[in-house]
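In: curious how this folds, go ahead:
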Amino acid sequence: MQNAIGRDRLGASGDDFYAALMAAHEGLSMEESTRLNARLVLLLANEVGDLERLRAVLTAARK
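Out: Predicted coordinates for the structure are as follows:
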């Protein structure tokens, strides 16, 4: 069974990921930050590699 969308799969590491994400944005302009986010989304989509799952995630993110 696939994991539910939005389910916490990082546990305590979620805080570490959030800190790393904020550090990656540190010192960037709004435009640079937006570009970083776009690249990150595409890289993570390639890691997921399942178009139907990605569509479901997009739908969930719009709610």
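
In: the chain: helices as residue ranges?
Out: With helices called from DSSP state H, the chain shows them at 13-25, 30-48, 51-62.

In: quick one, which of the ones you listed is nearest to Ile5?
Out: With respect to Ile5, and counting by Cβ to Cβ, the nearest of the helices of the chain is helix 51-62 at 4.5 Å. Yep, even glycine has a C-beta here, placed from its N, CA and C like the rest.

In: got the angle for that closest one vs helix 30-48?
Out: Between the axis of helix 51-62 and that of helix 30-48 there is an angle of 140 degrees, by axes from the mean of the first three to the mean of the last three Cα atoms, to 10 degrees.

In: so which elements touch helix 51-62?
Out: Identification of packing neighbours for helix 51-62 by 3 or more Cβ pairs under 8 Å, 6 or more residues apart in numbering; DSSP states H and E yields helix 30-48.

In: picking that back up, reformat the helices of the chain as a markdown table; add mean neighbour count, distance to Ala4 and mean pLDDT.
Out: Conversion of the helices of the chain to a markdown table gives the following (neighbours: other Cβ atoms under 10 Å; distance: least, Cβ to Cβ, whole Å; pLDDT from 0 to 100):
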| stretch | mean neighbour count | distance to Ala4 | mean pLDDT |
| --- | --- | --- | --- |
| helix 13-25 | 11 | 16 | 96 |
| helix 30-48 | 11 | 15 | 97 |
| helix 51-62 | 11 | 10 | 94 |
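
In: switch those over to TSV; also include distance to Ile5.
Out: Converted to TSV, the helices of the chain look like this (distance: least, Cβ to Cβ, whole Å):
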stretch	distance to Ile5
helix 13-25	16
helix 30-48	11
helix 51-62	5
